[in-house]
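Engineer: here are the coordinates; sequence isn't available:
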């Protein structure tokens, strides 16, 4: 940051410090007990909490939003990352028990992180194209197109 003249040194130090403190607290008070007990009643609420946080984070990255965007992210992440993790646990890793926290939590985090980034970038592109091209969408609607047909060029 300093070599490039960006002036972000202070923000980077604060962000790195926050990250270190949060990871230390998470490891000490949540992950270590969860891994040692390996009980599904601790693992699945934690995974549900991560899903809610991911939906919140993805919706906060958008410039343009709509009313139920956070709910749509939550459903998409549950279906997408959930199916990937279920396949990985059952077929690839062949976990026994299938809820083994040592594998299920990190794999879920990786799948969810990748899906969060990809989905947020894709929806940001789609919504920006719709918002900045409202005249094109309205023209298609005036010519008799259904809303799905009017938005189709933006979806491509």
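Structural biologist: Thanks, I have it. What you see is a predicted model, and the numbers here were worked out from it, not measured in a lab.

Engineer: for the nearest residue to residue 100 once chain neighbours are set aside, what are its contacts?
Structural biologist: Setting aside the residues directly before and after it, residue 100 is nearest to residue 38 in space (Cβ to Cβ, 6 or more residues apart in numbering), at 6.4 Å. C-beta coordinates here come from the backbone N, C-alpha and C atoms, glycine included. Contacts of residue 38 were listed using Cβ atoms under 8 Å, 6 or more residues apart in numbering, and they are 97, 99, 100, 101, 102.

Engineer: could you pull out the helices for the chain?
Structural biologist: With DSSP state H applied, the chain shows helices at 9-26, 32-37, 40-60, 69-87, 101-132, 134-142, 147-155, listed in chain order.

Engineer: Next one: the residue nearest to the spatial centre of the chain from residue 134, what distance?
Structural biologist: Among the residues of the chain, residue 116 comes closest to the average C-alpha position under Cα atoms, centre = their mean, at 2.6 Å. Remark: distance between residue 116 and residue 134 (Cβ to Cβ, to the nearest Å) = 28 Å.

Engineer: ok, residue 51 touching residue 73?
Structural biologist: No: at 9.2 Å, residue 51 and residue 73 do not qualify as touching, with contact defined as Cβ atoms under 8 Å.

Engineer: That concludes my questions; thank you for your assistance.
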